[in-house]
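[1] Provided below are the primary sequence and the corresponding predicted coordinates.
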Number of protein chains: 2
Amino acid sequence: MFKSVFRGHPSGVAVITAQSEAGPVALTASSVSSVSVDPPLLIFSVSSLSSAAPAILNASTIVVHLLDADDIAIAQLGATSGVDRFADTTTWAPLPTGEPVYAGSRAWVRCAIVSRMDAGGSTVIAAHAVQAHIDRDVEAGTHGNALVYQNRSWHRLSEESQLG
Amino acid sequence: MFKSVFRGHPSGVAVITAQSEAGPVALTASSVSSVSVDPPLLIFSVSSLSSAAPAILNASTIVVHLLDADDIAIAQLGATSGVDRFADTTTWAPLPTGEPVYAGSRAWVRCAIVSRMDAGGSTVIAAHAVQAHIDRDVEAGTHGNALVYQNRSWHRLSEESQLG
C-alpha cells in the first residue's frame, strides 16, 4: 500500500556523480530537494541497492545535475543498471576538482557532503553547495521545459500542463 | 544562483499535519520522498520559518497527505501564511489517534517520526508509515491527475505531458 501511495507522487529528476578510487560513479535520484538557501543546502537519499551507493556515501564532494526534458538521456543512463555510465567519453569531463560532469545538463551544483542520516535501506545526505553552473536558466513565471518522473513515466511541463 | 538552479526543479506536493497542545497544524511541503519500502519510510524537510514547524518537530506522529490536481485547495491552504488552516470544520476531521486529516486528498499516510537531522534553517525528518489510506489509486502506467509544483506555478500531468 505504501508503494501504491508513492507510485502516484511525482518528482523532479537529478543525476548525482562522484569520483572514487575505482573511477567515476553516477546514479539517478528523484529525491533531490533544496532545504536551505543561506547556507545553500540540498538533500537527497541513496538506496543501498544502487551500485553507486558505496562511492557516493564515501565521497566528500559530489555533483548534482538538475535535469530538464532535454536531458532525458542522462537520466536514463543513471537509472540503467549494469552499464558503464562513463563509457562515452564525449558526454562528460572531470572538473578540476575531479568530480565528473555530464555535458549539456540544465544545471549542476558541486557540493560538499555535510551530514548523513540512516533511513531503512537508504541514507539521507545533506550537502552544501560550493559551486554552481546553469546552462538553461528558467525565468520567473515560465515552466522551462521541466522534466518530471511519475509512475515509471517521464513527463515534460509546458503551458498546456499549467493550472489556472 | 542556488535559488535560480532550484527554481527550475519540479516537485510533487504534500500537506503535512499534526496535532499539538495548541491545536492542529498544517504545512505544504515539496520535499516529501519515499526512501525505503521495507520498512516503509519517507522523508521531508521543515523550514524553521514555517509557523507549523515547532509543532511538527515536537510531534511523535504526523499525517502526510499526497495531493493530486483535485487537491489544489488543500495545497494552497497549507501554503498560505496568516490563515487558520482548520477554520472550516467541514474540510477535515481528527483520526481516532488525534491527527487531523483533510477530506478528499488523493492519499494520506499516518507516520511515526523516527529520525531528525539539522540542515541549515531546516530540519530533515524521517518517518515510518503506520497507516495508509488511498482515495484515488493511480494504476500502473497512468498519470493519475498528478499535481506538480515548479517555479511558483502548479501543473497537472496528463497524456499530453508524457514523453515517449
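    Everything's here; your move. Residues are numbered from 1 along each chain as shown, chains lettered A, B, ... in the order given.
[2] what bridges to A:Thr123?
    Residues in a beta bridge with A:Thr123, per DSSP bridges, are A:Val46, A:Asp118.
[3] That one is in contact with A:Ile43, isn't it?
    No: using CB atoms under 8 Å, A:Thr123 makes no contact with A:Ile43, being 10.9 Å away. Using the backbone N, CA and C atoms, a C-beta is placed for each residue, glycine as well.
[4] Just confirm A:Ile74 is within a strand.
    No: secondary structure of A:Ile74 (DSSP: H, G, I helix; E, B strand; the rest coil): helix, not part of a strand.
[5] Could I get the contacting residues of it?
    Taking CB atoms under 8 Å, 6 or more residues apart in numbering or on different chains, we find A:Ile74 in contact with A:15, A:65, A:67, A:91, A:102, A:104-105.
[6] ok, for it, nearest residue in space, not its chain neighbours?
    A:Tyr102 (5.0 Å; CB to CB, 6 or more residues apart in numbering or on different chains).
[7] ok, back up a step: which one of A:Thr123 and A:Ile43 has more residues nearby?
    Using other CB atoms under 10 Å in any protein chain shown, the more surrounded residue of A:Thr123 and A:Ile43 is A:Ile43, with 25 against 18.
[8] which ones are touching the more buried one?
    Taking CB under 8 Å, 6+ apart as the criterion, A:Ile43 is in contact with A:31-33, A:35, A:124-127, B:31, B:43, B:45, B:119, B:124.
[9] can you pull the pLDDT of it?
    A:Ile43 carries a pLDDT value of 98.
[10] ok, now A:Pro96?
    98.
[11] in a helix, that's where it is, yeah?
    No: counting by three-state DSSP, A:Pro96 falls outside a helix, being coil.
[12] number of nearby residues for it?
    By other CB under 10 Å, neighbour count at A:Pro96 equals 5.
[13] Could you report the separation of it from A:Ser34?
    25 Å (CB to CB, to the nearest Å).
[14] before we move on, what about A:Thr91?
    A:Thr91 is 26 Å from A:Ser34, by CB to CB.
[15] now swap in A:Ala14 and tell me
    11 Å.
[16] list the residues that contact both of the two?
    With CB under 8 Å, 6+ apart as the test, A:Ala14 and A:Ser34 both reach B:His9.
[17] More neighbours: which of those two?
    A:Ala14 (29 against 24).
[18] can you give me the strands for chain A?
    Taking DSSP state E to define them, one finds strands in chain A at A:11-12, A:14-20, A:23-29, A:33-36, A:41-47, A:61-66, A:92-94, A:100-102, A:107-119, A:122-134, A:147-150, A:153-156.
[19] and B:Glu159, which of the ones you listed is closest to it?
    strand A:153-156 (9.8 Å; CB to CB).
[20] Packing partners of that closest one?
    Where contact means 3 or more CB pairs under 8 Å, 6 or more residues apart in numbering or on different chains; DSSP states H and E, strand A:153-156 is packed against strand A:147-150.
[21] average pLDDT for the strand it packs on?
    Here the average pLDDT along strand A:147-150 is 97.
[22] ok, that strand near chain B or not?
    Yes: counting by CB under 8 Å from any CB of the partner chain, chain B is contacted by strand A:147-150 at A:147-148, A:150.
[23] Drop anything exposed from those residues.
    A:147-148, A:150 (16 or more other CB atoms under 10 Å in any protein chain shown).
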